[in-house]
Structure formats: structure tokens, C-alpha cells
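A.B. asks: Show me how the following folds:
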Amino acid sequence: GGPYLWNGVYDTTNAKLKLIPISRNQISCEQGCSFADEFAAELPEDYLRAHRDGFTVTFTSANGKTLEVTVPPAFVTAQLDAVDAVKAVAAKAAANPSAPSPAAAAETPPSPPAATTSAPEAPPPAAAKP
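C.D. replies: Okay, here's the model as predicted:
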């Protein structure tokens, strides 16, 4: 059969969230077609802060298929810790603006703040691979 055509995502209060389609790939058609769909839900910072104890989202398709994804508290905490770390670095940089000399800037390429390296360790809160 054809792909499921994922078209929505809702939380347990039936609040609609933004669906982010990532990819759709046909992987086999030897005994009927199989598809690999990747998609996610946009989870704003305020939503995560309001749901620190974890939550479940339900992805829906045009043909009635649903997929529940539970986001445990540890994932929410890891994501918010990364957000807070980046905000702290940005606030510190804004409070102490010190531009390097042109020679130093030319010799040393800018590096990303160390806090951003912790974000990829936690998987995206509600990404799904059915």
C-alpha cells in the first residue's frame, strides 16, 4: 500500500501541535510497498516547561492511523538544561561584550558555545520513526 500521509499531531488535551515532516522513503515493493517516514512535533520552550513531568503526543495520518510517542521527564529535563545553558552563555556574552583584536579574530575561528554540545545527546523530544 501507499504511505500513511502523516498530517497532524496532538497532545493528551487534544491541543494541536505543529507537525514537521522530515522525510518519506519507499524502502521496498517486493511484496507490497513499504515506506519509512520520519517526522517530528515542534515543542516550544514554554510547552516543555509546562510539561516537565513528561507527556505523550499522538501523530495522526490522513487514513486514520495513529502513533503515540511518550516523552519521558528525563528527555524534557535534558532539553531544558541545554536551552538554559545556551541562554546563560548568551547572557554572559551580552553582559561582557569584548571583541577580539582583528589579528586574534583572523587567527582563531569562532567556536560554538560549549553548552550547545549537550543538546544533541538528548534525542529530539517527539521525533518519530513509525
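A.B. asks: could you point out the longest strand in the chain?
C.D. replies: In terms of residue count, the longest strand belonging to the chain (DSSP state E) is strand 16-28.
A.B. asks: Can you report how many residues neighbour residue 26?
C.D. replies: 11 (other C-beta atoms under 10 Å). Heads up, the C-betas are built off the backbone N, CA and C, glycines and all.
A.B. asks: before we move on, what about residue 90?
C.D. replies: Count around residue 90 with other C-beta under 10 Å applied: 12.
A.B. asks: Counting by contacts, list what the longest strand of the chain packs against.
C.D. replies: For strand 16-28, the elements it packs on are strand 6-11, strand 34-42, judged by 3 or more C-beta pairs under 8 Å, 6 or more residues apart in numbering; DSSP states H and E.
A.B. asks: in its sheet, what does that strand sit against?
C.D. replies: strand 6-11 (antiparallel), strand 34-42 (antiparallel) (DSSP bridges).
A.B. asks: rewinding a little: among the helices and strands packed on strand 16-28, which is nearest residue 75?
C.D. replies: Nearest to residue 75, of all these, is strand 34-42, at 12.7 Å by C-beta to C-beta.
A.B. asks: average pLDDT for the closest one?
C.D. replies: Across strand 34-42, the average pLDDT comes to 89.
A.B. asks: could you redo the helices and strands packed on strand 16-28 as TSV and give each row mean neighbour count?
C.D. replies: Formatted as TSV, the helices and strands packed on strand 16-28 follow (neighbours: other C-beta atoms under 10 Å):
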stretch	mean neighbour count
strand 6-11	18
strand 34-42	17
